[in-house]
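> I need the structure of the sequence given here:
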Amino acid sequence: MEQPLSGTRNRLLAALRPSERTSLEPHLEEVPLSQGQILQEQGDDIERIYFPHSGMISLVAVMNHGGKMIETATIGREGAVGAMAGFGPRHAFRRAIVQVAGTAAKISTAPFREAVKGSEALRDILVRHNEVLLAQVQQAAACNAFHEAEQRLARWLLQTRDRIDSDTIPLTQEFLAQMLGVRRTTVTIIAHALQERGLLRYRRGQIEIADRQGLEKTSCECYETVRKQIDEYFPLASV
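Sure, this is the predicted structure:
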């Protein structure tokens, strides 16, 4: 059941002063996010905007031929899904799929556009969010081109851990392979190696980060680059 919004852990909303959230709050509803739920389909009109409080959403590029997918960005409580629809009608450029279950504040596009139209502060925050998202997409492109699969897997696990505030990540190796654009056997080999080094503990459908510092050393520079930009643009991260 949808519930009225009672508070926010979303960093984008938290960056607004209470008076600036006035036009949004009557239209925001708290909704559950279920693992595997598609919030927006690639090419469809954006009709709702989601501000996650918890969990994680992946933006994935879906190939027309064969249906292969690769992740281009992730969104957690630091951002929003479909936010640029506040500036006018938009099509979803990528599929938005829930990878880790959680909750979000949801708003329809019509009242959201009215709020954006009347708030310079909200417009500024949406532009900043779009810059962060674009930087993440660009960093992911460089990461996929230049870094080894082990580094990329470590980076992905760390950024997921930051978004869900838990060392235990409910994900399968098959899903990780899809998101990283590698074979499942590659993920299995890498996960086993990281487990042997004491960085991870793995059981079917669940990965636990056992040594965060060690995983950070294994990760490429992309994790720290994106994390610093998010914290710089949305310093109210500790909500």
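> Give the bridge partners for the residue minimising distance to the centre of the chain, please.
Residue closest to the average C-alpha location in the chain (C-alpha atoms, centre = their mean): residue 75, at 1.6 Å. Beta bridges link residue 75 to residue 57 when assigned by DSSP bridges.
> which ones are touching it?
Going by C-beta atoms under 8 Å, 6 or more residues apart in numbering, residue 75 touches 52, 56-59, 81, 96, 133. No exception for glycine: its C-beta is placed from N, CA and C like everyone else's.
> now swap in residue 205 and tell me
With C-beta under 8 Å, 6+ apart, residue 205 has these contacts: 170-172.
> at 6 Å instead, please
residue 172 (C-beta atoms under 6 Å, 6 or more residues apart in numbering).
> How much space separates it from residue 171?
Per C-beta to C-beta, to the nearest Å, residue 205 is found 7 Å from residue 171.
> Residue 201 too?
For residue 201, the distance to residue 171 - C-beta to C-beta - is 13 Å.
> okay, these two: which has more neighbours?
residue 171 (18 against 15; other C-beta atoms under 10 Å).
> Which residue, other than its chain neighbours, is closest to the more buried one?
Once flanking residues are discounted, residue 171 sits nearest to residue 207: 6.0 Å by C-beta to C-beta, 6 or more residues apart in numbering.
> Neighbours of residue 29, how many?
Neighbours around residue 29, by other C-beta under 10 Å: 15.
> What is the subsequent helix or strand relative to the longest helix seen in the chain?
Across the chain, the longest stretch assigned as helix under DSSP state H is helix 120-146. Remark: after helix 120-146, the chain's next helix or strand is helix 149-164, criterion DSSP states H and E.
> Would you map the strands across the protein?
Ranges of strands within the chain are 3-4, 29-33, 38-40, 48-52, 56-62, 69-75, 95-100, 102-108, 168-169, 200-203, 206-209, based on DSSP state E.
> give me the number of residues near residue 84?
17.
> and what of residue 50?
24.
> Use 655 as the first number for this chain going forward.
Sounds good: first residue 655 from here, last item residue 704.
> Which residues does it form beta bridges with?
Beta-bridge partners of residue 704, as defined by DSSP bridges: residue 735, residue 760.
> doesn't residue 757 make contact with it?
No. With contact defined as C-beta atoms under 6 Å, residue 704 does not count as touching residue 757 (9.9 Å).
> Could you chop this structure up by domain?
657-773, 798-884 (automatic domain parsing).
> before we move on, back to that, most neighbours per residue, which of the strands of the chain?
Highest mean neighbour count of these: strand 702-706, a mean of 25 (counted as mean count of other C-beta atoms under 10 Å).
> Thank you, goodbye.
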